[in-house]
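Peer 1: Okay, sequence plus prediction incoming.
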Amino acid sequence: MKARDRLRIAMQKSGRLTEPALELLNRCGLTFRQSRDKLFCFGEGEPVDLLLVRDDDIPGLIAQGVCDLGIVGRNVLDEYRFTAGMGGPALAEWRPLGFGRCRLSVAVPQEVDYRDASQLQGMRIATSYPGLLGEWLRERGVDAGVVTLAGSVEIAPRLGTADAICDLVQSGGTLVANQLREVDVLLESEAVLAGPQALPSDERGDMIDLLLKRLDGVIQVRESRLLLLQTSRGALDAVIRLLPGGPQPTLLPVAGQPDQLMLQALCAGEVSWRQLEEIKKAGAREMFVLPVEKMLA
């Protein structure tokens with residue numbers, strides 16, 4: 001194959017998205033051999049290669065056609081749409097990937113009595129996301145000064161360079177350490193698969209379509225559990241009503257016990273102890289919850 005007949009995916013070289021992204025691609029059946037400079041990974045089994053870059057560069061590489069897809073935080077993708085992406089090729093979020101979850105939030109000093117966004121009027125707000133923050137302020141009719149910083153946003157109020165901040169929050173521990181508190185959420189973020197609005201019309205388009213199908217299968221399996229249990233025919237309806245969402249369960253007779261049934265159900269998501277206890281009260285017994293390794297519809 002010619003080089004650009006191969007699918008090229010941009011992803012973070014190092015950071016909190018790197019390992020989960022590689023694990024996800026491996027579960028899709030993709031394996032890679034890394035170059036000596038550790039910037040390029042050549043696909044060994046499928047015509048899919050990785051380019052390892054800074055996360056902020058990923059949307060631009062897709063827009064320029066250097067890469068076909070990218071694994072990037074929704075916060076980075078949406079910021080690109082509001083800033084560098086204006087007037088350029090439109091990018092799409094094709095799949096949420098379920099890891100790297102965080103939120104873009106406004107935080108103020110702990111002593112500030114914050115009630116709503118109108119109190120930000122006239123304030124200086126430090127952020128690394130001026131596009132997203134500016135749009136959020138415009139939607140609320142708030143005229144505030146946006147102070148753009150590349151990093152260390154949380155210390156801006158202590159330095160006197162800003163009155164509030166807008167930054168990514170995971171646990172909130174960094175905010176507490178800097179005497180700040182979260183007051184408004186602008187965006188719920190996670191890792192996403194980003195790409196152009198339309199599939200390429202060549203072999204790369206076929207490979208993207210195959211990759212999306214594999215991703216859907218892996219993500220569905222990751223969030224699914226197989227529930228096995230026994231119940232009587234009389235309690236069957238009550239048990240089925242309590243099952244977590246999923247396809248219709250499979251029923252099998254129990255040898256030598258005509259009134260008993262074995263039920264097998266694919267559940268969309270975790271099955272909690274509370275759910276199991278409620279199902280048992282309805283008449284189930286011998287319950288097992290198993291992870292699903294692979295699934296092909």
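Peer 2: The structure has been received and is ready for your questions. Numbering: from 1, shown residues only.
Peer 1: drop to CA atoms for contacts and neighbour counts, all remaining ones
Peer 2: Fine.
Peer 1: low-confidence ranges in this structure?
Peer 2: 1-3, 85-89, 246, 295-297 (pLDDT under 70).
Peer 1: And the helices in it, which stretches?
Peer 2: 18-27, 58-63, 74-82, 130-139, 156-159, 173-177, 203-222, 236-241, 273-281 (DSSP state H).
Peer 1: can I get those in a markdown table with mean neighbour count and distance to residue 101?
Peer 2: Formatted as a markdown table, the helices of the chain follow (neighbours: other Cα atoms under 10 Å; distance: least, Cα to Cα, whole Å):
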| stretch | mean neighbour count | distance to residue 101 |
| --- | --- | --- |
| helix 18-27 | 16 | 12 |
| helix 58-63 | 22 | 18 |
| helix 74-82 | 21 | 9 |
| helix 130-139 | 17 | 17 |
| helix 156-159 | 16 | 24 |
| helix 173-177 | 14 | 15 |
| helix 203-222 | 17 | 15 |
| helix 236-241 | 16 | 32 |
| helix 273-281 | 14 | 25 |
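Peer 1: Relative to residue 99, which of the ones you listed is closest?
Peer 2: Set against residue 99 and scored by Cα to Cα, the helices of the chain come closest in helix 18-27, at 7.1 Å.
Peer 1: Now do that closest one: which elements does it pack against?
Peer 2: strand 7-12, helix 203-222 (3 or more Cα pairs under 8 Å, 6 or more residues apart in numbering; DSSP states H and E).
Peer 1: could you redo the helices of the chain as a markdown table and give each row distance to residue 145?
Peer 2: Listed next are the helices of the chain as a markdown table, based on distance: least, Cα to Cα, whole Å:
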| stretch | distance to residue 145 |
| --- | --- |
| helix 18-27 | 34 |
| helix 58-63 | 26 |
| helix 74-82 | 17 |
| helix 130-139 | 9 |
| helix 156-159 | 13 |
| helix 173-177 | 21 |
| helix 203-222 | 41 |
| helix 236-241 | 54 |
| helix 273-281 | 49 |
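Peer 1: most residues in a single strand of this structure, which one?
Peer 2: Longest strand in the chain, counting residues (DSSP state E): strand 257-268.
Peer 1: What is the neighbour count of the spatially closest residue to residue 187 that is not a sequence neighbour?
Peer 2: Setting aside the residues directly before and after it, residue 187 is nearest to residue 104 in space (Cα to Cα, 6 or more residues apart in numbering), at 5.1 Å. Other residues near residue 104 number 22, with proximity taken as other Cα atoms under 10 Å.
Peer 1: ok, now how distant is residue 104 from residue 74?
Peer 2: 10 Å (Cα to Cα, to the nearest Å).
Peer 1: Spit out the contact partners of residue 59.
Peer 2: Residue 59 is in contact with 70, 76-77, 80, 91, 194, counting by Cα atoms under 8 Å, 6 or more residues apart in numbering.
Peer 1: Residue 13: neighbouring residues, count only.
Peer 2: 18.
Peer 1: How about it: what's its closest non-neighbour residue?
Peer 2: Here the nearest residue to residue 13 in space, its sequence neighbours aside, is residue 52; by Cα to Cα, 6+ apart that works out to 4.4 Å.
Peer 1: okay, and the common contacts of residue 104 and residue 74?
Peer 2: Counting by Cα under 8 Å, 6+ apart, the residues touching both residue 104 and residue 74 are residue 189.
Peer 1: about what we covered before: quick one: which two of the contacts of residue 59 are the most distant?
Peer 2: 70 and 80 (13.1 Å).
Peer 1: separation between residue 149 and residue 239?
Peer 2: Distance from residue 149 to residue 239, by Cα to Cα: 56 Å.
Peer 1: er, residue 98 I mean
Peer 2: Taking Cα to Cα, one finds residue 98 at 30 Å from residue 239.
Peer 1: and the residue nearest to residue 13, what does it touch?
Peer 2: Counted by Cα under 8 Å, 6+ apart, residue 52 has contacts 10-13, 38-41.
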